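Asker: Show me how the following folds:
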Amino acid sequence: MSDSRQAAFARECDLIMKGGITSGIVYPLAITEIAKAFRLRSIGGTSAGAIAAAAAAAAELGRQRYQQGELSSDPAGFAEIERLPQHLCVPAANGHGTKLLALFKPAPAVRALFDTFIAILEVKGKGPWTRLFAPLKVMLMRHKLTALAGALLAGGPLWWSAASSASVLVWLWVLLFAALGGVLAVVLRLALVALRELPASGFGLCSGMPETDDDAPDEALTTWLTQYFDRLSGQHEYCAGQADAIECERPLTFGDLRRHGIDLQVMTTCLSMARPFRLPFRDDEQVRENNQFHFRQEEFSRLFPRRVVAWMRAHQRPGDERGDGYLRLPLPDDLPVIVAVRMSLSFPLLLSAVPLHAVDYRTSRKKLERCWFTDGGISSNFPIHFFDAALPRRPTFGLDLGPTDGADEQRVRFPRNNGDARLAYWRRFPRTGLPALRGFLALLSNVAKDWNHETLSLMPGFRDRIGLIQLTREEGGLNLTMPTERIERLTRYGREAGQQFVLRFGDPQHWQPGAQASPMNWENHQIIRLRLQLASVAEQLQSLERACRELHGTEQDYQRFFTADAKRYSYPFKGLSDLEQDPDTGLYRTQAGLAQAMLGKLREIAQMIEQHPDSHPAKGAPKPTPELKLRPRL
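Answerer: Prediction:
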């Protein structure tokens, strides 16, 4: 008999988006489709995915503020997100390229380097000679005098020989040496500029901010994003009634989001500490990261709008005032969203890294030193582990980006069933020549940084809630000069992915006309997570029981940590002298008593599982079964 019962669906969701520079253009329509059926609760991402996550969080905040009567007019944030791809296709104010390209404004000193980089992008996918001469043309036109001087120096010794010779071959040698000399001189000049200017500008061609004489300062990435997040959330109207000028111009903060039940988290990479960090920095009982960091106003003024820096200066975390120019980083709720997004978006050499300052306590100096924060994608480009719980209360969707072998293949991929979800997507590269070497090295780099989320994406409990959008080399990535037609095609992929999430996990009234129910739905995800959790906990408890049993009665017995003598050990439990329950309430009077009882109950459960080998929770559970391990809170 067929089951005609309506499957349970979710009304709220979490969302994680992968980094990918301009690949993030796929996200706007995916977000708007998801927002039609779900309230967005926890949203995260890296790099371009951090921009999309912050925009989605801001739009959800605007929706909640309007629905709760805190705004008189609807900011219609999701409608504005839907219009974003069209906006990025509009010509820039200076007439050069689109507004997508105009987001990246290089400093004057590195303009030639940036233009050379753009020239390389514009001929991507064309013939080898075109790819060679296009950047050379830009380099030579930008530095004509340098090229001329190099040509004269290289060809000079041969000019006199050529002048006294009628041989065409001699003149060809002269011209060849002159050309090589001109090119070499320009390359050396650009290399010297890069060596001098990039470290001084935070190792990036663009700061994200406009120059003082910029005719269109609002087009610059950080300025535009700050204003964009404010519009999506209705921030200006919400803060307009404040008497204080700084409060009146308050940028969107994490506290604004949190007060409406929206949890935004993005990933960054601290090069100085060689580790990733989740932003905003944690400041709770488990992890206190935020208190170690400071910033300098003059450095942040080059990276963020004036009102953002003014807010941060006025809302430093509590602490002693310093007279050395270092300012305390605000508490997590007071941190502007744009600061976290920019720290996640610092793509190496394109966008400058963000400096904070902290003390290296391994040294004897105990002075604040600069810590460089760069793109979160270096350490975790797809933080699908964000927001995971033992059992989910709502689905966490993952929007993944990957390569495709050909332009005609299906681009938006979701598992058809639980078996289909196990299959990995292969990466292939040419077999011979320079393309083979380049492809091999590129995959080495990608696997080194992506192995964690690639492995997680194949795990049950993850694979059924991840949508993969596959892109060609000409789509997304560093392609800042994509034509309108290509941008529109990418947005269609995003819309299709969003509709698939709604079909699988959402209310049927939001499905597309004629859509058929998928077996990969919310109920399927819930039972998978329940089976996996019980199987993994059973394995963990059996490991605990083996250790306690083998060491019982020896000098290494874990029960010795509940005796009165245990005070001599590090991190002793509190109340070791009283392990009993209160006779009136039945509650344990001390931490030590509760901890000992917990250990005993866990052992009892493990022993119960051992007594039922044919009914072990792992039997019939999805494979491979994950393992529970202690790991940092990243």
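
Asker: show me where pLDDT drops low in the stretch 501-634 of the chain?
Answerer: Nowhere does the stretch 501-634 of the chain drop to pLDDT under 70.

Asker: who are the neighbours in contact with residue 71?
Answerer: 62, 65, 234, 237, 238 (C-beta atoms under 8 Å, 6 or more residues apart in numbering). All C-beta spots, glycine's among them, are computed from the backbone N, C-alpha and C.

Asker: Could you name the specific helix or strand carrying it?
Answerer: Here residue 71, judged by DSSP states H and E, is contained in no helix and no strand.

Asker: just residue 512 next, same as before
Answerer: Per DSSP H and E: residue 512 is located in neither a helix nor a strand.

Asker: how would you label the nearest residue to it once chain neighbours are set aside: helix, strand or coil?
Answerer: Excluding its sequence neighbours, the residue lying closest to residue 512 (C-beta to C-beta, 6 or more residues apart in numbering) is residue 499, at 5.7 Å. Secondary structure for residue 499, judged by DSSP: H, G, I helix; E, B strand; the rest coil, is helix.

Asker: Looks like residue 499 contacts residue 513 (just checking).
Answerer: No - counting by C-beta atoms under 8 Å, residue 499 stays clear of residue 513, with 11.2 Å between them.

Asker: So for the two, which sits in the more crowded spot?
Answerer: residue 499 (22 against 4; other C-beta atoms under 10 Å).

Asker: for the stretch 301-450 of the chain, what are the low-confidence residue spans?
Answerer: Looking along the stretch 301-450 of the chain with the criterion set at pLDDT under 70, you get 405-408.

Asker: all helices in it, in order from the N-terminus.
Answerer: All helices of the stretch 301-450 of the chain, identified by DSSP state H, counting those that start in this stretch, fall at 306-314, 337-344, 433-456.

Asker: buried residues in the last one?
Answerer: Buried residues in helix 433-456, counting neighbours by 16 or more other C-beta atoms under 10 Å, are found at 450, 452, 453, 454, 456.

Asker: and the fourth one, what does it touch?
Answerer: With contacts defined as C-beta under 8 Å, 6+ apart, the neighbours of residue 454 are 424, 447.

Asker: which residues are contacting stretch 292-301?
Answerer: Everything outside stretch 292-301 that qualifies as a contact, by C-beta under 8 Å, 6+ apart, is 281, 308-309, 312-313, 322, 325-329, 355-359, 368, 371.

Asker: Kindly state the domain boundaries assigned to this structure.
Answerer: Following the assignment in the TED database, the chain carries domains at 9-105+217-285+378-520, 106-206, 532-615.

Asker: can you put the buried residues of helix 433-456 in JSON lines and add distance to residue 227?
Answerer: Converted to JSON lines, the buried residues of helix 433-456 look like this (distance: C-beta to C-beta, whole Å):
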{"residue": "450", "distance to residue 227": "33"}
{"residue": "452", "distance to residue 227": "35"}
{"residue": "453", "distance to residue 227": "32"}
{"residue": "454", "distance to residue 227": "36"}
{"residue": "456", "distance to residue 227": "35"}
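
Asker: Going by distance to residue 249, which of these wins?
Answerer: When the buried residues of helix 433-456 are ranked by distance to residue 249 (C-beta to C-beta), residue 453 comes first, at 37.8 Å.

Asker: I figured that closest one was touching residue 380, is that so?
Answerer: Yes - at 7.0 Å, residue 453 counts as touching residue 380 under the criterion of C-beta under 8 Å.

Asker: anything in contact with each of these two?
Answerer: With the criterion set as C-beta under 8 Å, 6+ apart, the contacts of residue 453 and residue 380 do not overlap.

Asker: ok, which stretches of the stretch 1-150 of the chain are helices?
Answerer: Going by DSSP H, counting those that start in this stretch, the stretch 1-150 of the chain shows helices at 27-37, 48-67, 77-89, 99-102, 111-122, 128-142, 144-163.

Asker: Downstream of the last one, the next helix or strand is which one?
Answerer: Right, the one you point to is helix 144-163. By DSSP H and E, the next helix or strand past helix 144-163 is helix 168-200.

Asker: Tell me which residues of that following helix come out buried.
Answerer: 171, 174, 177-179, 181-183, 185-187, 189-190, 193, 197-198.

Asker: Setting aside sequence neighbours, what's the nearest residue to residue 510?
Answerer: Residue 510 sits nearest to residue 37 (C-beta to C-beta, 6+ apart), 3.8 Å away.

Asker: Count the residues that sit near the one you found.
Answerer: 22.

Asker: Check residue 215 too.
Answerer: Neighbours of residue 215 (other C-beta under 10 Å): 9.

Asker: how far away is it from residue 31?
Answerer: 32 Å (C-beta to C-beta, to the nearest Å).

Asker: Contact partners for residue 75?
Answerer: Neighbours of residue 75 in contact, by C-beta under 8 Å, 6+ apart: 59, 62, 63, 65, 66, 231, 232, 233, 234, 237.
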